[in-house]
Each structure stands twice: as C-alpha cells, then as structure tokens.
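A.B. asks: how does the following fold in three dimensions:
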Amino acid sequence: MELGIAHSATTSTGYRAAGRGLNRHRKRQLALRARTTACGRGLFPTPQRVALHSWALAQLAGFLVYKAERAGVPVVFVDPAYTSQTCAACDHVGKRNRVGQGLFICRGCGVVVHADRNASRNLATRGQSVWNAGRESRAPATP
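C.D. replies: Residues are numbered from 1 along each chain as shown. The predicted structure is shown next:
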C-alpha cells in the first residue's frame, strides 16, 4: 500500500482511497488554527507544508500494523525511494516517466498506467523481496 497526498492510500490491486473527507477536515482544522493563533497566520503557512505535516503518518502506520496483526496479515516496511519513477513492468527508472500527478508513461517500454497504481506495484514487489529475504535461512549449509 502506498500512502500519499492526492490519494490517501493506493493498493497494488488498483484501489485508490480518495480521502476527500479527510482533506475537508484538514482544511477546517487549518482555518480554525489560523483564527485562534495570535498572528492569524496559523501553524503552517504554506499549503504544501499543511499537506505534508497535518496527517500523522506514523500514527497511521501504527494503526495499519495493529489491524494487520489482529487479522493475521504480515506487515513489511520498505524504502519507497524512486517507486513513483520506476516502471513496474520493466524496472526502467526516469524522472520523465512520471508525466503528471496521476499519469505514468514508461520511456523504456511505453506502458501507460495510473501513477499511484504503478508505485504501489513497485512497493508490493519490494515488500515481496524483503519478505522472501527474511524467510531465507542464513545458517551455513550442512556438509
């Protein structure tokens, strides 16, 4: 699962949680903070800072781990670097692959897919690799 700003979450199967209600709640809270602070500017002066810091991603990750463990589903954390620039089909990496907020066009193989779905597939592949590496035995082979 990928966590983001435009869509709250995107799974590797393509489900995208839009989070419109969450974004409305964030804006209401920001307006309330702006009215109640002394300078009137609020705690986060730029919209990007608001989007990046108004949601406790660590808290969300904790909730996901809790719910997954409760359901018996394993959770693996992976490095998300370059997942939005890497093609899930051919592994070609390039900044120009990410055409827009929601569009991914691979310059290597030409695949066209929603950008969040492509990134979530990359995350799923990385998660599978981490999971398999954890299952491999590191004990020396017996003679």
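A.B. asks: okay, now the unreliable bits of this structure?
C.D. replies: Applying pLDDT under 70 to the chain flags residues 1-8, 18-19, 22, 36-55, 137-139, 141-143.
A.B. asks: run the last query once more with 50
C.D. replies: 40, 42-43 (pLDDT under 50).
A.B. asks: helices of that one, start to end?
C.D. replies: Using DSSP state H, the helices found in the chain span residues 20-36, 47-53, 57-71, 115-135.
A.B. asks: need the contact partners of the longest one.
C.D. replies: By CB atoms under 8 Å, 6 or more residues apart in numbering, the residues outside helix 115-135 that reach it are 1-2, 4, 6-7, 10-12, 14, 16, 74, 76-80, 83-84, 86-88, 98-104. Quick note: C-beta positions are derived from backbone N, CA and C, even for glycine.
A.B. asks: show me which of those are buried.
C.D. replies: 2, 4, 7, 10-12, 16, 78, 83-84, 86-88, 98, 104 (16 or more other CB atoms under 10 Å).
A.B. asks: pick the most buried one from the helices of the chain.
C.D. replies: Each of the helices of the chain was assessed for mean neighbour count using mean count of other CB atoms under 10 Å. The highest is helix 115-135, with a mean of 18.
A.B. asks: of the buried ones among the contacts of helix 115-135, closest to Arg70?
C.D. replies: Taking CB to CB as the measure, Arg70 lies nearest Thr11 of the buried ones among the contacts of helix 115-135, at 18.6 Å.
A.B. asks: where's the closest one relative to Gln101, distance?
C.D. replies: 18 Å (CB to CB, to the nearest Å).
A.B. asks: also Ser120?
C.D. replies: From Ser120 to Gln101 the distance is 15 Å (CB to CB).
A.B. asks: check Arg33 too.
C.D. replies: Taken as CB to CB, the span from Arg33 to Gln101 is 27 Å.
A.B. asks: Val75 now?
C.D. replies: Distance from Val75 to Gln101, by CB to CB: 28 Å.
A.B. asks: again with Ala71
C.D. replies: Distance of Ala71 to Gln101, given as CB to CB: 32 Å.
A.B. asks: and if you look at Val93?
C.D. replies: 19 Å.
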